[in-house]
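>>> Here you go, sequence then predicted model.
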Amino acid sequence: MPVRFFYASVVALGMGGEEIALRLKGGRWGWWGKWRRIRRRIPAAVLTVLHHLQSSGYQAYLVGGAPRDLLLGRVPQDWDITTDARPEQVKAVFPRTFPLGEKFGTVGVLLDDTQVEVTTFRQEGGYSDGRRPDWVAFTPAVGDDLARRDFTINAIALDPLGEKLVDPYGGVKDLKQRLVRAVGDPRVRFGEDPLRMLRFYRFQATLGFRGETGTEQGITAGLIGKVSGERLRDELTKILTAAAPALGLEGLARSGLLTVILPEFGPVWPADPALFRHLVATVEAIKPCPELRWAAFLHDLGKVTTRRVAADGRIHYYGHDRVSQELAAAILERLHFPNTSRQKILTLIRWHMFAADPALTDAALRRLVGKVGPEHIFDLLELRRADIVATGSPSYRARESLAFLARRIEALLAGETVLTRKDLAVDGHEVMAFLALPPGPEVGAVLNEIFRWVTEDPARNRKDRILAFLAERYRGH
Ligand code: ATP
Ligand code: MG
């Protein structure tokens, strides 16, 4: 629903202090029509919790992402309720509650099968550990609670039953102007919790908003070093998987945050803007899955150091896939990626230069799938598709070839004629025993050779045939 509706019809009613309540009036359908449409998009359990709190004499509002998304006509991801009731008072109102960090004022309320989080209005101190506020203090004024929030668009309290908005920082206006603006002095707010600098770009990327200039000027990239790898990872992943990742990634680069968090981008930005644009374009072209987006963003990092100009004047990047994989491995390690995600991202980067030739033989395709793994192969094709699209040159033919390869690989997988090394009918011990080899790299080399031979024709994957092959090859029988 357009914010215009609200904006055009907002009337300020002074409530004293810095709090201003905005009542929605007039408009094409009458204000009650708008509120009714808002209420219809709120789960019944959430409305019931608000109702019970209010009829017990407390204030109760939706806050955070929910009012923002409701006013934008989006579907909120979570429903945060804030109230002047203390945690023990919240527990007295509802028969079924569970603790969710009562020290910070949050109580979980169970209604039917829905969980709703209810948090007491609070003020908070800085985040010297980069994770949790140093202190929190309960307050009876919703305005104090809104003051601790990061951006004006996240600092709106909405009461869908009393049909009231509390918007002391002009969040509705910024929603209308599609602006992300800090609440208060950006330098101070980013100093309190440096993660907010990343959230600033995250909301630009997820909502397609611009960042307010003064807020961006408040960024001090060096402060981000205080934030843990996990929190950086989660916030960067939200930027990468957003609807408009370029808005976030370009902002990260411009502000210097990118190269502080990922120094591996130092030689890319601002030195090689074309390469940076290509990485961002690949992110935009690929499906919005976390691992795919990360692989897209990092896949060509190794191009900077592998760049060579050949005698004929052409530029080559031999081995950049390997170098990119090494740089990406360091990044994913520092950001504490779980093993399975890390493996997937690194595999995709490592093999992104595979020969995508429709004339590949079945044996070559089986080898490719064996090497990359059947669980990653279609994502590898997706990475190549995005890589091609991101070059901006006509790509119809290349994408056709990929689609053709995908169909052939599907057929091979359906026929169970694809093998990975684990599927070989002999293992390293058997090879050592048969060839009287000591443990060492030679065993791996022999297994590789067996693998290549077997993928030529999967019917060869029988122990007797493999041993016969080895006998002929190594023992001259
Ligand atoms: P999402 O749609 O991703 O859930 P959100 O706005 O709900 O977005 P959350 O991280 O769920 O974001 O936080 C809920 C609310 O809490 C925010 O809207 C904001 O008001 C406040 N908030 C969260 N993190 C911070 C922070 N680091 N500093 C200040 N306020 C914050
Ligand atoms: Mg949220």
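Arrived safely. Numbering: from 1, shown residues only. Ligands and ions are numbered 1, 2, ... in the order given.

>>> all contacts plus neighbour counts: C-alpha atoms, from now on.
Fine.

>>> mind listing what the closest residue to residue 60 other than its chain neighbours touches?
Excluding its sequence neighbours, the residue lying closest to residue 60 (Cα to Cα, 6 or more residues apart in numbering) is residue 83, at 4.4 Å. Taking Cα atoms under 8 Å, 6 or more residues apart in numbering as the contact definition, residue 83 lies against 53, 58, 59, 60, 61, 118, 119, 120, 121, 142.

>>> near ligand 1, which residues of the chain?
64, 65, 77, 78, 148, 149, 150, 154, 155, 196 (Cα under 6 Å from any ligand atom).

>>> Buried among those? Need that as a selection in PyMOL.
Only the buried entries of these go into this PyMOL selection, using 16 or more other Cα atoms under 10 Å:
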select buried, resi 64+65+148+149+150+154+155+196
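
>>> Could you identify the most distant pair in the residues of the chain next to ligand 1?
77 and 148 (20.8 Å; Cα to Cα).

>>> Over to whatever residue of the stretch 151-300 of the chain ends up closest to ligand 1: give its phi and psi.
Closest approach between the stretch 151-300 of the chain and ligand 1, counting by Cα to the nearest ligand atom: residue 154, at 4.1 Å. For residue 154, the backbone dihedrals (degrees, to the nearest 10) come out as phi -100, psi 10.

>>> Strands along the stretch 151-300 of the chain, start to end?
157-159, 164-166, 179-180, 210-211 (DSSP state E, counting those that start in this stretch).

>>> I meant to write the stretch 1-150 of the chain there.
Counting by DSSP E, counting those that start in this stretch, the strands of the stretch 1-150 of the chain are 10-14, 20-24, 60-63, 80-83, 97-99, 106-111, 114-120, 122-124, 136-138.

>>> Determine which stretch of the ones you listed is the most buried.
Neighbour counts (mean count of other Cα atoms under 10 Å) averaged over each of the strands of the stretch 1-150 of the chain peak at strand 60-63, with a mean of 26.

>>> how about the CA coordinates for it, as PDB?
Provided in PDB are the C-alpha atoms of strand 60-63 (Å, rounded to 0.1, in the frame of the first residue of the first chain):
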ATOM      1  CA  ALA A  60       0.900  -1.500  23.600                       C
ATOM      2  CA  TYR A  61       2.200  -0.900  20.100                       C
ATOM      3  CA  LEU A  62       3.800  -2.800  17.200                       C
ATOM      4  CA  VAL A  63       7.400  -1.600  16.700                       C
END
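
>>> which other helices and strands contact it?
helix 44-55, strand 80-83, strand 157-159 (3 or more Cα pairs under 8 Å, 6 or more residues apart in numbering; DSSP states H and E).

>>> Pull the second one out as CSV, backbone CA atoms only.
Output for strand 80-83, consisting of C-alpha atoms alone and laid out as CSV, is shown next (Å, rounded to 0.1, in the frame of the first residue of the first chain):
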residue,chain,number,x,y,z
ASP,A,80,7.5,-7.1,17.9
ILE,A,81,5.1,-5.7,20.5
THR,A,82,6.3,-3.0,23.0
THR,A,83,4.5,-2.0,26.1
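
>>> coming back round to it: is it possible to get CSV of the strands of the stretch 1-150 of the chain that adds distance to residue 184 and mean pLDDT?
Formatted as CSV, the entries for the strands of the stretch 1-150 of the chain read as follows, by distance: least, Cα to Cα, whole Å; pLDDT from 0 to 100:
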stretch, distance to residue 184, mean pLDDT
strand 10-14, 20, 34
strand 20-24, 16, 43
strand 60-63, 18, 98
strand 80-83, 21, 97
strand 97-99, 32, 93
strand 106-111, 25, 94
strand 114-120, 22, 92
strand 122-124, 14, 92
strand 136-138, 18, 92
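
>>> Distance to residue 399 for these - can I get that in TSV?
As requested, these are exported to TSV (distance: least, Cα to Cα, whole Å):
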stretch	distance to residue 399
strand 10-14	51
strand 20-24	51
strand 60-63	45
strand 80-83	45
strand 97-99	53
strand 106-111	50
strand 114-120	45
strand 122-124	53
strand 136-138	55
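
>>> Among those strands, which comes closest to residue 460?
Of the strands of the stretch 1-150 of the chain, nearest to residue 460 by Cα to Cα is strand 114-120, at 56.6 Å.

>>> ok, residues contacting the closest one?
With Cα under 8 Å, 6+ apart as the criterion, strand 114-120 contacts 45-46, 49, 79-87, 90, 104-110, 138-139.

>>> now swap in stretch 93-109 and tell me
52-53, 56, 86-87, 90-91, 110-111, 115-122, 136, 138.

>>> same deal with stretch 393-405?
Stretch 393-405 has contacts (Cα under 8 Å, 6+ apart) with 356, 357, 358, 381, 385, 388, 389.

>>> Surely residue 432 touches residue 445?
No: Residue 432 lies out of contact with residue 445 (Cα atoms under 8 Å); the separation is 11.7 Å.

>>> Counting neighbours, go ahead and name the busier of those two.
Comparing residue 432 with residue 445 by other Cα atoms under 10 Å, the one with more neighbours is residue 432, at 16 against 11.

>>> Next secondary structure element downstream of the host helix or strand of the more buried one?
Per DSSP states H and E, residue 432 falls inside helix 428-435. Going down the chain from helix 428-435, the next helix or strand is helix 441-456, by DSSP H and E.

>>> List the buried residues for the helix or strand just after that next one?
Where DSSP H and E defines the elements, the next helix or strand beyond helix 441-456 is helix 463-474. For helix 463-474, burial by neighbour count (16+ other Cα under 10 Å) applies to 466, 467, 469, 470.

>>> How far off centre is helix 463-474?
49 Å (Cα atoms, centre = their mean, to the nearest Å).

>>> then it to PDB, C-alphas only?
Extracted C-alpha coordinates of helix 463-474, given in PDB (Å, rounded to 0.1, in the frame of the first residue of the first chain):
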ATOM      1  CA  LYS A 463      36.400 -54.500  -8.600                       C
ATOM      2  CA  ASP A 464      37.500 -57.300 -10.900                       C
ATOM      3  CA  ARG A 465      37.700 -54.900 -13.900                       C
ATOM      4  CA  ILE A 466      39.500 -52.200 -12.000                       C
ATOM      5  CA  LEU A 467      42.100 -54.600 -10.700                       C
ATOM      6  CA  ALA A 468      42.500 -56.000 -14.200                       C
ATOM      7  CA  PHE A 469      43.100 -52.500 -15.400                       C
ATOM      8  CA  LEU A 470      45.700 -51.800 -12.700                       C
ATOM      9  CA  ALA A 471      47.400 -55.100 -13.400                       C
ATOM     10  CA  GLU A 472      47.800 -54.200 -17.100                       C
ATOM     11  CA  ARG A 473      48.800 -50.700 -16.400                       C
ATOM     12  CA  TYR A 474      51.200 -51.100 -13.500                       C
END
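
>>> Any regions of the stretch 51-200 of the chain where pLDDT drops low?
For the stretch 51-200 of the chain, the stretches with pLDDT under 70 are 130-131.

>>> Just list the residues touching the residue positioned nearest the centre of the chain, thanks.
Taking Cα atoms, centre = their mean as the criterion, residue 237 is the residue nearest the geometric centre of the chain, at 2.5 Å. Taking Cα under 8 Å, 6+ apart, we find residue 237 in contact with 290, 294.
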